[in-house]
Structure formats: C-alpha cells, structure tokens
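Asks: sequence plus predicted model, see below.
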Amino acid sequence: MGSALLRSERTGLDWLLTLRWAAVAGQTATILVVHVGFHVVLPLPWLFGIVGLEALSNLLAQRKEWPDPQGLVVILMVIDLLALTGLLYFSGGPHNPFNFLYLVNIALASVVLEARATWILAAVSAGLFALLFVDHVPLPDPSNTNPGGGGPMVMDHGDHAGHGGGMDAMTMHVRGMWVGFAVASVFIAYFVTRVRRELDDARRQNQTNARLAGLATLAAGAAHELGTPLGTIAIVSRELERHLETLDGEEEATEDARLIRQEVNRCRTVLDQMSVEAGESVGEALQKQTVADWIGRALDGFDYASKVTVPEGADAVTIFGPQTGLARSLRSVVKNAFEANAATVMLRLASEGDLVRLDVVDDGTGMPPLTASRAGEPFYTTKPTGEGMGLGLFLARTLAERLGGGLRVQSTAGVGTTVSFLLPHRAR
C-alpha cells in the first residue's frame with residue numbers, strides 16, 4: 001500500500017515537471033512574440049533570467065532522486081508562483097492579461113496536493129497578486145508606437161485612446177486576455193485530466209495490492225486451519241496403509257490408502273505455496289539487482305534450466321524490486337512455458353522507455369485469443385485440476401505493476417507465447 005501511495009505522489013511530480021517544461025517554453029515564446037512581433041520594449045534580461053531559473057529548478061528536480069515527492073511538489077509550485085509574480089511585475093503587474101495564470105497552479109495543486117497545502121498555495125497566490133497592485137513596471141502604451149515605421153513602443157502612462165492607427169491599450173489588453181484564457185484552458189483541461197487519470201490508475205493499483213494482501217491473509221489462514229485435519233488424514237491413511245500391508249489380498253485397498261496420503265500431501269503443498277508466494281509478493285523489501293542475478297535466482301535448481309537461453313549483457317542492466325518475489329515470478333512464467341510443451345525457452349533483454357523489458361519466448365502450444373486475454377486473472381487456469389491455481393501470472397503482473405512496470409502476454413495457438421516483464425531501473 002505504501003508503495004502505491006509513493007507511486008501516486010511520484011505521478012503528480014512527473015506531471016508537474018512536464019507542465020513546467022511546457023510553461024517555460026510558453027513563457028519564452030510569449031516574451032519573444034510580444035517583443036518582436038508587437039515591438040514592445042520589455043526588460044528581456046530580467047524576464048529571461050526568471051524563465052532560466054524556472055528551467056534550472058526543473059532540471060535539478062528531474063536529475064535528483066527526492067525522498068519526499070510531495071514536499072518537492074510544494075516547493076516547485078511556490079517557485080512557480082514567485083516566477084509568475086516576477087514576470088508579471090516586469091510586464092504590467094495586475095494589468096497584464098496573463099495574470100489569471102495563477103489559477104493554473106491552484107487547479108493543479110488541488111489535484112496533486114493535500115487540501116491543506118492547496119489552501120496555503122491559494123493564499124500565497126492571492127498575496128503575491130495583491131503585491132503587484134502596490135508596485136510593478138507598467139506596460140508600454142501601444143498607441144505611442146509608429147504603425148508605419150515599426151518603431152519600439154515607449155513607456156507612457158497617459159490616456160492615448162483614439163490616437164493614431166495603432167491598436168489601443170484596451171484592445172491589446174482584451175486580446176491578450178483571450179490568449180491567456182485559451183492557454184489556461186488548454187493547460188487545465190489537458191494536464192489536470194491526465195494527472196487525474198494517472199492518479200486513478202495509482203488508486204486502482206492500491207486496491208489491487210489490498211486484494212493481494214487479503215489473498216495472502218486468506219491463504220495463510222486456510223493453511224493454518226486446514227493443516228490440522230489434513231495432518232490427521234495423513235496419519236490415519238498411513239496407519240491404514242500399514243495395516244492393510246499385513247493382510248493378504250488387500251493390495252488394491254493399500255494403493256487407495258497410499259493415494260489418499262499422497263493427495264493430502266499435495267493439498268498441504270498447494271496451501272503452503274499459495275501462502276508463501278502471496279505473502280512474499282506483499283511484504284518483501286525492495287532492492288536493486290542485475291538482470292543476470294534475477295535470472296540466476298529464478299533458474300537455480302530448475303529442472304529445465306539447461307533449455308533456457310539467457311540473454312547477453314544481462315549482468316550490465318539493473319532492475320529494482322523484491323529479489324525473491326521477482327525470482328518466483330520469472331520461474332513461474334518459465335515453468336508455464338515448459339508445461340505448455342515448449343522445447344526451449346528464450347529470454348530476450350531490451351529497453352522500453354525508462355523500463356527494462358525481459359521477454360520470455362517459448363515455442364509451445366500457445367493459447368487461443370480468449371484464453372490469452374484472461375491470462376493473469378486470479379484463479380483462472382487451463383491446467384488439470386490439482387496442477388495449478390492460476391496465481392502465477394496474477395502475482396507476477398501485480399508485482400510488476402506495483403513496481404511501476406507491467407506484464408504483457410502475447411500468444412498464438414500452435415506457435416507459442418511471449419510474456420514480457422517491464423520493470424524499472426530504480427525506485428518510483
């Protein structure tokens with residue numbers, strides 16, 4: 001659960017960083033258009049200096065691993081508010097048509113931050129905006145420019161309505177407000193919607209982890225409650241087997257008693273395995289390891305290890321996750337491949353974005369589309385009764401998604417199956 005919450009916080013930080021890069025690009029473009037396109041004299045060193053500091057803070061936030069993503073989001077949003085205030089200060093203050101971009105930060109804060117932090121940022125925004133009424137650098141009056149000569153606009157606080165053929169101050173302000181409204185609408189509609197979607201995915205992952213924890217509790221409880229009666233049945237069947245061995249003509253009954261004992265042992269093994277696998281997937285510590293180490297642990301003691309082709313360069317690529325849980329997941333997938341009549345299994349290593357991808361490719365019987373689409377559902381299996389519980393792929397997929405990756409299954413009946421692990425290089 002804690003891992004899912006951390007992922008949720010990291011999601012908010014990732015989208016904020018993306019939004020800030022877009023803001024840096026938009027601010028730069030706006031300054032250039034106003035200065036070059038409208039011939040408005042602006043204090044470019046101050047404006048580009050502020051934009052440069054925003055870009056630098058974003059670069060530092062991306063390149064360093066922060067232990068508290070939520071706290072970093074608050075810091076970055078405060079920096080954004082100060083930067084916006086600085087840009088507005090040097091370009092008209094409260095008269096700048098882009099002043100309501102304060103609302104973009106407040107809208108984003110309401111999505112990715114707790115209520116208390118959101119209210120604090122809203123109060124800071126109101127305070128900074130109020131300071132602009134006290135002091136700011138006025139915008140140049142567009143009516144003082146020479147429409148024919150394209151000369152620069154100069155500072156003038158007088159009323160020039162009706163002068164010349166140029167655009168008056170009010171018209172320029174209203175049009176600027178429309179542009180600012182359009183920009184704010186796009187940012188809010190796009191980024192807030194995407195952030196909300198990502199956070200919903202994180203909440204669903206949190207729910208999946210809760211169900212997995214419940215499965216582990218259920219399995220452990222079942223193993224404990226059924227352990228005593230299964231043990232009793234095993235003892236009685238063994239005593240019955242010994243008694244029947246002393247009697248003539250009871251060979252068939254002896255075999256039945258032996259079969260009962262064998263099936264009881266299988267039941268106990270299944271319960272123990274279900275309890276251990278589910279529990280380790282939930283509670284094991286997360287560590288960095290190489291892909292070679294991961295594969296080595298998965299194939300250690302495996303009967304068909306000699307038939308598995310290991311990719312080159314696996315010792316130079318690292319992944320992040322629980323060592324035992326990942327090893328069990330990979331071992332389970334490889335085991336499924338050989339149980340599907342695969343002659344060989346090939347492991348292929350690749351990258352996909354910022355994730356490591358390990359493909360488990362087999363030449364077995366494959367699966368029809370309906371079966372492949374349900375692969376990974378808990379307790380869904382096509383194996384004969386008693387030979388599988390349908391938890392291997394479910395636990396593997398749940399673990400990979402909890403780490404910020406995923407699991408893909410592609411299969412063609414009569415051709416084979418490819419199961420792809422997607423895992424992060426580092427903690428998320």
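Replies: Perfect, thanks for sending it. Numbers count the residues shown, from 1 in each chain.
Asks: where does the stretch 51-200 of the chain dip in pLDDT?
Replies: 65, 140-196, 199 (pLDDT under 70).
Asks: which residues in it form helices?
Replies: 69-89, 102-112, 115-134, 169-187, 193-245 (DSSP state H, counting those that start in this stretch).
Asks: cool, the stretch 251-400 of the chain as well?
Replies: 251-283, 291-299, 323-339, 369-374, 392-402.
Asks: ok and the third one relative to helix 291-299, angle-wise?
Replies: Here helix 323-339 points in a direction 60 degrees away from that of helix 291-299 (axes from the mean of the first three to the mean of the last three CA atoms, to 10 degrees).
Asks: also the last one?
Replies: Per the same axes, to 10 degrees, the angle that helix 392-402 makes with helix 291-299 is 150 degrees.
Asks: next one: helix 392-402 to chain centre, how far?
Replies: 14 Å (CA atoms, centre = their mean, to the nearest Å).
Asks: following that helix, which helix or strand comes up?
Replies: Where DSSP states H and E defines the elements, the next helix or strand beyond helix 392-402 is strand 406-412.
Asks: mind listing what F129 touches?
Replies: Shown in contact with F129 (CB atoms under 8 Å, 6 or more residues apart in numbering): T85, P94, N99, Y102. Any C-beta I mention is one placed from the backbone N, CA and C, and that applies to glycine too.
Asks: the same query, at a cut-off of 7 Å, please.
Replies: Going by CB atoms under 7 Å, 6 or more residues apart in numbering, F129 touches N99, Y102.
Asks: residues near the closest residue to L84 other than its chain neighbours, how many?
Replies: Spatial nearest neighbour of L84, chain neighbours left out: L101 (6.1 Å); criterion: CB to CB, 6 or more residues apart in numbering. Counted with other CB atoms under 10 Å, the neighbours of L101 add up to 21.
Asks: surely L101 and A83 touch.
Replies: No: in this structure, L101 is not within contact of A83 by CB atoms under 7 Å, at 10.7 Å.
Asks: check the gap between the closest residue to L88 other than its chain neighbours and L76 for me.
Replies: Of all residues not flanking L88 in the chain, N96 sits nearest, at 5.0 Å (CB to CB, 6+ apart). Noted for N96: a distance of 22 Å to L76, by CB to CB, to the nearest Å.
Asks: cool, and Q27?
Replies: For Q27 relative to L76 (CB to CB), the value is 15 Å.
Asks: which residues touch the residue of the chain most remote from its centre?
Replies: Within the chain, D248 marks the point farthest from the mean C-alpha position, 67.6 Å out by CA atoms, centre = their mean. Going by CB under 7 Å, 6+ apart, D248 touches no other residue.
Asks: what about it, which SS state?
Replies: Using DSSP: H, G, I helix; E, B strand; the rest coil, the three-state assignment for D248 comes out as coil.
Asks: and it, its phi and psi?
Replies: The phi/psi pair for D248 (degrees, to the nearest 10) reads phi -80, psi 140.
Asks: in contact with T290, which residues?
Replies: A314, D315, V317, T318.
Asks: at 8 Å instead, please
Replies: So T290 contacts A314, D315, A316, V317, T318, I319 (CB under 8 Å, 6+ apart).
Asks: can you flag the buried ones in these?
Replies: A314, V317, T318, I319 (16 or more other CB atoms under 10 Å).
Asks: now flag whichever of the residues you listed is closest to G301.
Replies: A314 (19.0 Å; CB to CB).
Asks: list the contacts of the closest one.
Replies: Going by CB under 8 Å, 6+ apart, the list of residues near A314 reads T290, V291, A292, I295, L349.
Asks: can you list the weak-confidence ranges in the stretch 301-428 of the chain?
Replies: Short version for the stretch 301-428 of the chain, where the test is pLDDT under 70: 376-391, 426-428.
Asks: nearest spatial neighbour of E241, skipping sequence neighbours?
Replies: Nearest one to E241, counting by CB to CB, 6+ apart, is A257 at 4.0 Å.
Asks: my read is that that neighbour contacts A234, right?
Replies: No: using CB atoms under 8 Å, A257 makes no contact with A234, being 10.8 Å away.
Asks: neighbour-wise, which of the two wins?
Replies: A257 (21 against 18).
Asks: distance of that one relative to R238?
Replies: 8 Å.
Asks: same check on V33?
Replies: 88 Å.
Asks: more neighbours, these two?
Replies: R238 (15 against 12).
Asks: mind listing what the residue lying closest to the more buried one once chain neighbours are set aside touches?
Replies: If the residues on either side of it in the chain are set aside, R238 comes closest to R261, at 5.7 Å by CB to CB, 6+ apart. By CB under 8 Å, 6+ apart, the residues touching R261 are I233, A234, S237, R238, E241.
Asks: greatest separation within the residues you listed: which pair is it?
Replies: Farthest pair in the contacts of R261, by CB to CB: I233 and E241, 12.2 Å.
Asks: out of the two, which sits in the busier spot?
Replies: E241 (19 against 16).
Asks: tell me the spacing between that one and D68.
Replies: With CB to CB as the criterion, E241 and D68 are 63 Å apart.
Asks: ok, E312 - how many residues close by?
Replies: If we define neighbours as other CB under 10 Å, then E312 has 8 of them.
Asks: swap in F421?
Replies: Neighbours around F421, by other CB under 10 Å: 28.
Asks: Q27 too?
Replies: Neighbour number of Q27 under other CB under 10 Å is 21.
Asks: what sits closest to it if chain neighbours are left out?
Replies: Closest to Q27 by CB to CB, 6+ apart is V51, at 5.1 Å.
Asks: wait, doesn't the one you found sit right on I31?
Replies: Yes: using CB under 8 Å, V51 makes contact with I31 at a distance of 7.5 Å.
Asks: quick revisit: tell me the contacts of the residue nearest to E241?
Replies: S237, R238, L240, E241, L244.
Asks: just L128 next, same as before
Replies: Counted by CB under 8 Å, 6+ apart, L128 has contacts L81, L82, L84, T85, Y102.
Asks: PyMOL command to pick out the buried ones of those residues?
Replies: A single PyMOL command selects the buried members of the contacts of L128 (16+ other CB under 10 Å):
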select buried, resi 81+84+85+102
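Asks: distance to G37 for the contacts of L128 - can I get that in JSON lines?
Replies: Below are the contacts of L128 laid out as JSON lines (distance: CB to CB, whole Å):
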{"residue": "L81", "distance to G37": "28"}
{"residue": "L82", "distance to G37": "27"}
{"residue": "L84", "distance to G37": "22"}
{"residue": "T85", "distance to G37": "25"}
{"residue": "Y102", "distance to G37": "25"}
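Asks: just give me the closest of the contacts of L128 to V40.
Replies: L84 (18.8 Å).
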